[in-house]
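*Asks:* What follows is a predicted protein model with its sequence.
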Amino acid sequence: MKELLYISNSSDDTISIAKRFAKFIKNGDCIVLTGDLGAGKTKFTEGFLSYYNLEDEISSPTFNIVNEYLTSNINIYHFDVYRLADTDEFYAIGGEEYFDKGICLIEWGEQIEDALPIDYIKINFEKSDENENIRILKIEAKGKKYEEILENLKEDLD
Ligand SMILES: Nc1ncnc2c1ncn2[C@@H]1O[C@H](COP(=O)(O)OP(=O)(O)O)[C@@H](O)[C@H]1O
Ligand SMILES: [Mg+2]
């Protein structure tokens, strides 16, 4: 499965799907989060971290580009690359070196597409015109490993 749509009706809903999604994500996996400001990328990350009971520690990485959450089992790297001018700046901060050290969640990751691993999951968040609490999540898998993850996620949601 290459693509899965999910309608989130509230911020808690986004937290909850992110937490369920996190179960399928392993060391070395890369998740790119796209969508306008306020669309829910950071909220989703908070839900993802809640799977590891790390949600209370979340802070926006806007000012330091990457926040690291290190546990005894897994490292989670939460990026916000909005303020990077280009891919070279991502290389300059050693961005690539994070990919195989843990799980990477990258807000605005489409801006550094050339530097991303070949395979990753992209989740786009779209605000609804009709209701300020609705978001349409389009979850796209690039590569076989992530297509399988999407199958499993779909089964879990059904
Ligand atoms: N369904 C929803 N999913 C996620 N966030 C929502 C939703 N409905 C309302 N919100 C609100 O929208 C805002 C999303 O902010 P944030 O996650 O920081 O966005 P981004 O990181 O994409 O800029 C939060 O204030 C959140 O409470
Ligand atoms: Mg954000």
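*Replies:* That came through fine. Ligands and ions are numbered 1, 2, ... in the order given.

*Asks:* so what does the lowest-mean-pLDDT helix or strand in the chain touch, helix or strand wise?
*Replies:* Every helix and strand in the chain was compared by mean pLDDT, DSSP states H and E; the lowest is strand 66-70, with a mean of 93. Packing partners of strand 66-70 (3 or more CB pairs under 8 Å, 6 or more residues apart in numbering; DSSP states H and E): strand 75-80. C-beta: built from backbone N, CA, C; applies to glycine.

*Asks:* residues touching the closest residue to Ile123 other than its chain neighbours, list them.
*Replies:* Of all residues not flanking Ile123 in the chain, Ile139 sits nearest, at 5.0 Å (CB to CB, 6 or more residues apart in numbering). For Ile139, the contact set (CB atoms under 8 Å, 6 or more residues apart in numbering) comprises 3-6, 21, 121-123, 150, 153.

*Asks:* And for Arg135?
*Replies:* Shown in contact with Arg135 (CB under 8 Å, 6+ apart): 7-8, 14, 39-40, 125-128.

*Asks:* for Phe21, same thing?
*Replies:* Residues counted as contacts of Phe21 (CB under 8 Å, 6+ apart) are 48, 139, 153.

*Asks:* One more pass at 10 Å, please.
*Replies:* Neighbour list for Phe21: 6, 31, 44, 47-48, 51, 121, 123, 137, 139, 149-150, 152-153, 156-157 [criterion: CB atoms under 10 Å, 6 or more residues apart in numbering].

*Asks:* Kindly report the same for Gly109.
*Replies:* With contact taken as CB under 10 Å, 6+ apart, Gly109 is in contact with 30-34, 41, 79-81, 90, 115-116, 120, 122-123.

*Asks:* What about ligand 1: which of the residues you listed touch it?
*Replies:* Restricting those to those near ligand 1 by CB under 6 Å from any ligand atom leaves Lys41.

*Asks:* still on that earlier bit, in the helix or strand the residue nearest to Ile123 falls within, what counts as buried?
*Replies:* Element membership for Ile139, per DSSP states H and E: strand 135-142. By neighbour count with 16 or more other CB atoms under 10 Å, strand 135-142 contains the buried residues 135, 137, 139-142.
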